[in-house]
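*Asks:* all I have is the shape, not the residue letters:
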């Protein structure tokens, strides 16, 4: 295994980050002590420690066994497992000061070490020997599964390649890590600096008072006191596009938002995208796959990119007619009002809101008034308690990355089972979007370790003294991310490599998407959704109208703004074939939209220049996973709804917990789904939910 020069002695701050976490629940992450300098020093030291530990496993003179090879690998890198989450959190949610430069230096080091481990011939020989003897060895089913997972993981990382190919693969992976971080940092930098400033108060017409105050505070923070600013943040942008009556300003805000990462200069993501696609194609070719899409899908539920292409394009054909009808509906409203316009992308949300008010009696502000954050959290906790016997208790003194974060003990029958963080509000240096993060995985092979999960978002921070009122979209997103957290918190895998974060990536969205159903169909709205000022419950008629509006709008994966980016993501990674032919992702995006007839007024939720999923997260060639998971989620929800107790049926909840939430990667994803549903995923439940069979095309 490759060795590196020794690191300088550690100061006390860095040494503290290497130590086992202290406090209740087996220790909590010391987020209050994680400075950029301490993180960098501790990170480098932890890498060296893991390198030495793995080298000792590879050099062990004893015959390879499950205990001294596979289990020893699982037990290696404990210090890195403590430091890495601190690095990941700070680089994505506190990327200010020295942190961006620190992140850029550290980002390539973990993939470099992963490659060293996978490419160590002596180590792989030991792993391979245990793999070949696994069926005769006295191993449990979970231990045999771990052997298979570790062996396959090393092969997918290039174990067995020629030395020169390993060397090239290591260089590719290090470069990809650096490029991915640069892509993310470019977007963070643009979010921090870009805004549309409004000098005339008439530009705020249509906005609620809280939105006006937020715009004034944003302008003041940017040095323009007395003006108003719409910052390049989703919460502010979406509210403005939905409610502002000034069409010219909506266009400015929309262009600012949709052009993220597409500006020539220091923060231009286009050159990074081109290089990443070339390197991904070369990587796939080295590993024996025709394209990067084929490489990615080899360990997914959907093994074949052709199957994914058919699914996406068939779904596109089934929904595009309905989408055009929606635009016709919006145009009719504009025509009736004498707007004398042709609906454009910056008009769609504005007229969609008008249609909801007219056709369904839905007012986004009225809905939001019944969805204070505390009520939404209480609703998700109550549903999880009724389903899975979980309790949630606020922890007052846990270290956090920002004072607005909150922490909960998760328990069952009075015994702690994990810890859950919520980091929901936007702040300088924080990555846009909502996502779940795992600080620590459940394990139980060297003693029981409690999982620690975090739900993260970039919802606009409230003004002092103002309540946090969630638009329906964010209430749904928080239920979604909480579903991911339940998947992590309920894991019963003994080994971290078999935990919930390691399931097939087109399965990982299933628990989150299913959990959304408890918000709308789980009876929580009448119980918890109360007007934030007068305390009245959300009227039953409003709940019904929300359901009608949601059926009209359809879910995320059944709309052009998602389907088009998913198709583009697949196509550009099918072009990533290692041939060296340049790939212009922006041109491909434009050509695909023209070919499939993307409505001009229906914009993309993920353009290639700011698609976190394709170029930062784990969804490269995998954006399709949301649709695939929605197919499974509709199927799974039907299993609940067909049960005697509906969404709270005890037997179905026990099966969901046993076969999906707790099983992790201990069995292949397709087996896990069959164990719950009794069959392979079928598209009919999703079609039935939204009447797609009757949708005009």
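*Replies:* Yep, it's here. The model shown is predicted, which means the values in this text are computed figures rather than measured ones.
*Asks:* I'd like to know which elements the longest strand along the chain is packed against.
*Replies:* When the chain is parsed with DSSP state E, its longest strand is strand 415-425. Applying 3 or more Cβ pairs under 8 Å, 6 or more residues apart in numbering; DSSP states H and E, we find strand 415-425 packed against strand 390-395, strand 406-412, strand 452-459, helix 472-489. C-betas here are computed from N, CA, C, even on glycine.
*Asks:* so what's the residue lying closest to residue 401 once chain neighbours are set aside up against?
*Replies:* Once flanking residues are discounted, residue 401 sits nearest to residue 31: 4.5 Å by Cβ to Cβ, 6 or more residues apart in numbering. By Cβ atoms under 8 Å, 6 or more residues apart in numbering, the residues touching residue 31 are 86, 89, 399-401.
*Asks:* can you tell me which of those are in helices?
*Replies:* Of the contacts of residue 31, the ones assigned to helices by DSSP state H are 86, 89.
*Asks:* filter the contacts of residue 31 down to the buried ones.
*Replies:* For the contacts of residue 31, a burial check counting by 16 or more other Cβ atoms under 10 Å picks out 86, 89, 400-401.
*Asks:* now the two most distant members of these.
*Replies:* With Cβ to Cβ as the measure, no two of the buried ones among the contacts of residue 31 lie farther apart than 86 and 400, at 12.2 Å.
*Asks:* secondary structure class for residue 319?
*Replies:* What DSSP: H, G, I helix; E, B strand; the rest coil gives for residue 319 is helix.
*Asks:* list the contacts of residue 154.
*Replies:* Neighbour list for residue 154: 117-118, 124, 127 [criterion: Cβ under 8 Å, 6+ apart].
*Asks:* go again using 7 Å as the cut-off
*Replies:* 118, 124, 127 (Cβ atoms under 7 Å, 6 or more residues apart in numbering).
*Asks:* got it, and residue 487?
*Replies:* 500, 511, 661.
*Asks:* make JSON lines out of the residues you listed and add pLDDT, secondary structure and distance to residue 14.
*Replies:* Output for the contacts of residue 487, formatted as JSON lines (pLDDT from 0 to 100; DSSP: H, G, I helix; E, B strand; the rest coil; distance: Cβ to Cβ, whole Å):
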{"residue": "500", "pLDDT": "96", "secondary structure": "helix", "distance to residue 14": "31"}
{"residue": "511", "pLDDT": "97", "secondary structure": "helix", "distance to residue 14": "37"}
{"residue": "661", "pLDDT": "97", "secondary structure": "helix", "distance to residue 14": "37"}
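*Asks:* out of those residues, who's nearest residue 12?
*Replies:* Nearest to residue 12 among those, with distances taken as Cβ to Cβ, is residue 500, at 35.2 Å.
*Asks:* stretch 323-330: how far from the chain's middle?
*Replies:* From the chain centre to the centre of stretch 323-330 is a distance of 30 Å (Cα atoms, centre = their mean, to the nearest Å).
*Asks:* apologies, that question was intended for stretch 107-114.
*Replies:* Offset of stretch 107-114 from its chain centre (Cα atoms, centre = their mean): 21 Å.
*Asks:* and if you look at stretch 457-469?
*Replies:* 22 Å.
*Asks:* can you list the buried residues in that stretch?
*Replies:* For stretch 457-469, the neighbour count (16+ other Cβ under 10 Å) marks 457-462, 468-469 as buried.
*Asks:* and stretch 545-552, by the same measure?
*Replies:* So stretch 545-552, judged by 16+ other Cβ under 10 Å, has buried residues 545-546, 549-550, 552.
*Asks:* kindly report the same for stretch 15-26.
*Replies:* 17-18, 21, 25-26.
*Asks:* how long is that stretch end to end?
*Replies:* 19 Å (Cα to Cα, to the nearest Å).
*Asks:* what is the mean pLDDT for it?
*Replies:* Stretch 15-26 shows a mean pLDDT of 96.
*Asks:* do stretch 477-484 as well
*Replies:* Mean pLDDT, computed over stretch 477-484, is 97.
*Asks:* got the contact list for it?
*Replies:* 376, 380, 434-436, 455, 457, 511-516, 518-519.
*Asks:* 8 Å - rerun?
*Replies:* For stretch 477-484, contacts defined as Cβ under 8 Å, 6+ apart pick out 376-377, 380, 384, 424, 434-436, 453, 455-457, 470, 508, 511-516, 518-519.
*Asks:* before we move on, what about stretch 291-309?
*Replies:* With contacts defined as Cβ under 8 Å, 6+ apart, stretch 291-309 is touched by 152, 156, 277, 280-281, 283-284, 287, 289, 311, 504-507, 567, 570, 573-577, 620-622, 624-625, 628, 669-670, 673.
*Asks:* one more pass at 6 Å, please.
*Replies:* 280-281, 284, 287, 289, 504, 506-507, 570, 573-574, 576-577, 621, 624, 669-670 (Cβ atoms under 6 Å, 6 or more residues apart in numbering).
*Asks:* tell me the buried residues within the contacts of residue 154.
*Replies:* Among the contacts of residue 154, the ones that count as buried by 16+ other Cβ under 10 Å are 118, 124, 127.
*Asks:* closest to residue 60 among those residues?
*Replies:* Nearest to residue 60 out of these is residue 127 (Cβ to Cβ; 12.0 Å).
*Asks:* right, I'll leave it there.
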